[in-house]
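Novice: Provided below are the primary sequence and the corresponding predicted coordinates.
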Amino acid sequence: MPKSYRALQAKRFPLHQSYTIPTQYSYLDIEIPDTTIVRQYLPIPQEFSSYYVHHEMIFEQFGRAKGVDFSQFAAPFEFYMHFRGNDKLLLIQTQKKVCASLVNDLIYTGDFDIEHFVVNFDILQPYITQVRGAWFKFKEPDLRASGHFGNHVDQSTAYREALQTGELSSLYVLHDFEGAPLQIQITSDCAIVLYTPFDQISTELSVVINVLGMLNAVGALSIVPPKKTKHRGLSSPDEVQKTKSLGPLFEGLEENG
């Protein structure tokens, strides 16, 4: 199963043994999501501090459990994140929507200062010789996204036409790591997806760091400030945070990361 590591820059990151995101209770009768972060001592490079994260998200979904009807529930997600203090690099190993929810909550506390990397594919593409696939996003109402796959797909007519009408959102490439070609995916919002299974987290981190080093070396990485959004637990009597469709979180994602 692919593993996605999202790279961010944490300019402020409190190095506590454990951290709980404070939640302000609402006047409404709704579930209160819970997030805890606990330091872990894993066999990984010493410059990294690792944390085990339990993060819950609220979903509005009608259903019944044990004879009780409900209209929303808290879905738990558990994953690791790793922080390297010398360059403020934060790696979060989870899917896109869960990572975005966690980062939003961390920023809202005021204890964390986190910014997002973006990948410039116009700069990156000349340095990639083996493109195996690509995803594009479109603004047309009848076509939101499309994928193109195959050896050297970037040389195809369909790929070039998609570049003219859509925005490249991810590339599937062969990346040389210590003499071995690894199939990886690089997304525009700097997720590195590994398709090769590894026995050790330390090896996964080494691959991700190697890819990020390549992106930085060619000048394809930049930082964008975070958007100001509301905290998921601060509902007022006339304002409730809503999460749209449940589907994409629990279905197999066609575009990983």
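Specialist: Arrived safely.

Novice: For the rest of this, base every contact and every neighbour count on C-alpha atoms.
Specialist: Will do.

Novice: Output stretch 201-219 as PDB, restricted to C-alpha atoms.
Specialist: Provided in PDB are the C-alpha atoms of stretch 201-219 (Å, rounded to 0.1, in the frame of the first residue of the first chain):
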ATOM      1  CA  ILE A 201      10.700   3.900   8.700                       C
ATOM      2  CA  SER A 202      14.200   5.200   8.600                       C
ATOM      3  CA  THR A 203      14.500   4.000   5.000                       C
ATOM      4  CA  GLU A 204      11.300   5.700   4.100                       C
ATOM      5  CA  LEU A 205      12.500   9.000   5.600                       C
ATOM      6  CA  SER A 206      15.800   8.600   3.800                       C
ATOM      7  CA  VAL A 207      14.000   8.300   0.400                       C
ATOM      8  CA  VAL A 208      11.700  11.300   1.200                       C
ATOM      9  CA  ILE A 209      14.700  13.400   2.300                       C
ATOM     10  CA  ASN A 210      16.500  12.400  -0.900                       C
ATOM     11  CA  VAL A 211      13.600  13.500  -3.100                       C
ATOM     12  CA  LEU A 212      13.200  16.800  -1.200                       C
ATOM     13  CA  GLY A 213      16.900  17.400  -1.600                       C
ATOM     14  CA  MET A 214      16.600  16.900  -5.400                       C
ATOM     15  CA  LEU A 215      13.600  19.300  -5.500                       C
ATOM     16  CA  ASN A 216      15.400  21.900  -3.500                       C
ATOM     17  CA  ALA A 217      18.600  21.600  -5.600                       C
ATOM     18  CA  VAL A 218      16.800  22.300  -8.900                       C
ATOM     19  CA  GLY A 219      14.900  25.200  -7.300                       C
END
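
Novice: Can you list the buried residues in stretch 53-69?
Specialist: Buried positions in stretch 53-69, judged by neighbour count with 16 or more other Cα atoms under 10 Å: Val53, His54, His55, Glu56, Met57, Ile58, Phe59, Glu60.

Novice: which among those gets closest to Tyr41?
Specialist: Val53 (13.5 Å; Cα to Cα).

Novice: Tell me the strands beside the one helix or strand His54 maps to, with direction?
Specialist: In this assignment (DSSP states H and E), His54 forms part of strand 48-65. Strand 48-65 has its sheet partners listed here by DSSP bridges as strand 35-40 (antiparallel), strand 68-84 (antiparallel).

Novice: out of the ones you listed, nearest to Ala7?
Specialist: So among the strands paired with strand 48-65, strand 68-84 is nearest, using Cα to Cα, at 9.8 Å.

Novice: Brilliant, that's me finished.
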